[in-house]
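1. structure, please.
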Amino acid sequence: MPPKRKSDATDAAGPATKKIQTTSPKIYTREEVKKLDRSVLEELFLESQERAQSTALTPLSATSSKVNSSASSWTEDKIKDSARKLRTTIAREIKKQMKWQPSCKTGMTKWSYSSAVAHEDVFYKAFRIEKGGKKWKQKKVPMREFEACFGIVTASVRYNDLRITGEHVNLHWDRDENTFRLAGTYGL
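-> Model (predicted):
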């Protein structure tokens, strides 16, 4: 075991702490600002700029350029990979919800799944929907198309398998928020 460090008199006082500014900046009225000297105004202006930079306030043009650069970083391969991962996640999460209930006998037990996507192209690629065309918020996806995207989603129960029932799955898409919700039924 290594020997202990020798302590200094300064160490006994404890670790040095960072001093926090406890005084808030003075708020001037319009008349007080008019009476201030130019050099004082310049100093106050520079202080306010430093405070704004330290709190990470950025001008609007800087944030819009970041959004544009992140949108261009989505390559076709990255979109395909994200869409594939989204498909497997959706199928897995739907399967987790499929538990035995008495209403499963009639095939009317409800399930739903909500999520967000990082880029709208990932959503369109995952659901194999053509981008463009008529704008929509809700769509009924036929079971044949749903199973072509996600496979046949089943969950094993004691002596049988639960599967998604119904003629279609409801798909809600919020283009502004990049969120979607799937809803449908399952049973025997």
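2. can you tell me how far the residue nearest to Asp121 when sequence neighbours are not counted is from Leu41?
-> Using C-beta to C-beta, 6 or more residues apart in numbering and skipping the chain neighbours, the partner closest in space to Asp121 is Ile79 (4.9 Å). C-betas here are computed from N, CA, C, even on glycine. The gap separating Ile79 from Leu41 is 52 Å, by C-beta to C-beta, to the nearest Å.
3. what does Asn160 give?
-> Separation of Asn160 from Leu41 (C-beta to C-beta): 80 Å.
4. picking that back up, elements contacting the strand or helix carrying the residue nearest to Asp121?
-> For Ile79, the host element (DSSP states H and E) is helix 76-97. On a contact count with 3 or more C-beta pairs under 8 Å, 6 or more residues apart in numbering; DSSP states H and E, helix 76-97 meets strand 109-116, helix 120-126, helix 143-150.
5. just those: most buried one?
-> Mean neighbours per residue, mean count of other C-beta atoms under 10 Å, is largest over these for helix 120-126, with a mean of 20.
6. specify the beta-bridge partners of the residue most central in space within the chain.
-> Among the residues of the chain, the one closest to the centroid is Ala116, at 6.1 Å (C-alpha atoms, centre = their mean). In this entry, Ala116 is beta-bridged to Thr179, by DSSP bridges.
7. check contacts around the nearest residue to Ala126 once chain neighbours are set aside.
-> Closest residue to Ala126 apart from its sequence neighbours, by C-beta to C-beta, 6+ apart: Ala83 at 4.0 Å. By C-beta atoms under 8 Å, 6 or more residues apart in numbering, the contact list for Ala83 reads Val122, Lys125, Ala126.
8. of Ile79 and Leu41, who's got more company?
-> Using other C-beta atoms under 10 Å, the more surrounded residue of Ile79 and Leu41 is Ile79, with 19 against 13.
9. my guess is that one meets Lys125, correct?
-> Yes: using C-beta atoms under 8 Å, Ile79 is in contact with Lys125, at 5.5 Å.
10. which single one of the contacts of Ala83 is nearest to Thr89?
-> Closest approach between those and Thr89, by C-beta to C-beta: Ala126, at 9.5 Å.
11. from memory that closest one sits against Cys149, does it?
-> Yes: checked against C-beta under 8 Å, the pair Ala126 and Cys149 is within contact range at 7.0 Å.
12. can you check which residues contact both of these two?
-> Jointly contacting Ala126 and Cys149 under the rule C-beta under 8 Å, 6+ apart are Arg87.
13. strands along this structure, start to end?
-> Under the criterion DSSP state E, strands of the chain are mapped to 109-116, 138-142, 154-157, 160-174, 179-187.
14. which residues are contacting stretch 102-121?
-> Residues external to stretch 102-121 that are found in contact with it (C-beta under 8 Å, 6+ apart): 71, 74, 79, 82, 86, 89-90, 93-94, 97-98, 101, 123, 126, 131, 157, 162, 164-166, 175, 177-188.
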